[in-house]
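Q: Here is the input, now give the coordinates:
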Amino acid sequence: MSRKLIELMRVFTNNVSSVAAKTTSSTDSISGTIEEELRLIKSENADLMSAYEMTQQELDDIKGRAGNLEIETQQKAIIDLFKQMNSPEYGNLLDNVAQTEKQIKDLKAKGWEPSPEAENSTMTIRMYHSFLKKYGITPMADIGCELQINLLQSENYDYEGSEFKDGKEIKKVKVYAPGWTYGKDIISRPKVREIF
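A: Numbers count the residues shown, from 1 in each chain. Okay, the predicted model is just below:
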């Protein structure tokens with residue numbers, strides 16, 4: 001309970017005691033005094049209710065902000081974990097999983113079937129890729145996709161190729177790593193190479 005609410009309840013209790021004491025002291029002016037005291041008590045009661053409602057709203061707001069802060073902290077931890085997993089230090093794990101998944105699909109489309117010894121590995125790659133998607137870690141571009149980009153658009157990619165002569169020049173590029181997002185947050189940008 002907040003201090004404001006406790007203090008208001010204390011004042012209310014004191015006023016009720018005061019009214020009770022005054023009603024026994026004089027019988028002539030009882031009806032006028034009681035009505036005045038009753039009006040004051042009703043007014044103070046309304047003030048107490050208002051203070052209680054305000055305190056409850058403040059408490060709800062604090063709980064909401066604390067909950068939002070916890071969610072933001074969890075999201076930041078998830079993003080940091082997957083950024084680290086996709087860093088060069090750890091072999092761009094997310095990109096390699098996506099590239100391997102695409103290679104497996106391409107090979108199977110051509111009729112390839114993995115040997116029993118390799119089936120477990122191909123299944124693990126597919127399951128890991130599905131896990132990423134299920135938990136909101138999604139690729140930004142399709143591997144092998146060909147795009148045409150200008151200098152401004154190249155800032156949205158990790159671009160490998162010759163320098164742009166000016167902002168109007170268009171380069172043809174191919175996506176070789178998809179880039180990843182978690183919700184609206186970017187884990188890594190798609191990697192593209194210029195096609196000559």
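Q: Next one: Gln75 from Gly167, what distance?
A: Distance from Gln75 to Gly167, counting by CB to CB, to the nearest Å: 35 Å. (Each C-beta comes from the backbone N, C-alpha and C, glycine too.)
Q: Repeat that for Gly136.
A: 34 Å.
Q: more crowded one of these two?
A: Gly136 (12 against 8; other CB atoms under 10 Å).
Q: need the contact list for that one.
A: Residues in contact with Gly136 (CB atoms under 8 Å, 6 or more residues apart in numbering) are 182-183.
Q: where does Arg193 land in three-state SS?
A: Under DSSP: H, G, I helix; E, B strand; the rest coil, Arg193 falls in the strand class.
Q: Neighbours of it, how many?
A: Counted with other CB under 10 Å, Arg193 comes out at 15.
Q: Let me know whether it touches Tyr157 as I believe.
A: No: using CB atoms under 8 Å, Arg193 makes no contact with Tyr157, being 9.8 Å away.
Q: Mutual contacts of these two, please.
A: Shared contacts of Arg193 and Tyr157 (CB under 8 Å, 6+ apart): Val173.
Q: now the helices for the protein?
A: Secondary structure of the chain (DSSP state H): helices located at 3-25, 30-85, 93-109, 116-134, 151-154.
Q: What's the end-to-end length of stretch 151-169?
A: 7 Å (CA to CA, to the nearest Å).
Q: should've said stretch 168-187
A: First-to-last distance for stretch 168-187 - CA to CA - comes to 29 Å.
Q: what about it, average pLDDT?
A: For stretch 168-187, the mean pLDDT works out to 95.
Q: next one: that stretch to chain centre, how far?
A: 22 Å (CA atoms, centre = their mean, to the nearest Å).
Q: before we move on, what about stretch 116-132?
A: Relative to the centre of its chain, stretch 116-132 is centred 29 Å away, using CA atoms, centre = their mean.
Q: what does stretch 185-196 give?
A: How far stretch 185-196 lies from its chain's middle: 25 Å, per CA atoms, centre = their mean.
Q: what's it in contact with?
A: 75, 79, 82-83, 86, 94-95, 137, 140-141, 146-147, 149, 156-162, 171-181.
Q: Could you pick out the buried ones from the residues you listed?
A: 79, 82-83, 86, 94-95, 137, 140-141, 147, 149, 157, 159, 171, 173, 175-181 (16 or more other CB atoms under 10 Å).
Q: Now Ser100. Nearest residue, chain neighbours left out?
A: Check again: residue 100 is Thr, not Ser. When the adjacent residues along the chain are set aside, Thr100 lies closest to Ile125, with 5.0 Å between them (CB to CB, 6 or more residues apart in numbering).
Q: tell me the pLDDT at the one you found?
A: 90.
Q: same question, the one 5 residues further on
A: At Ser130, the model reports a pLDDT of 89.
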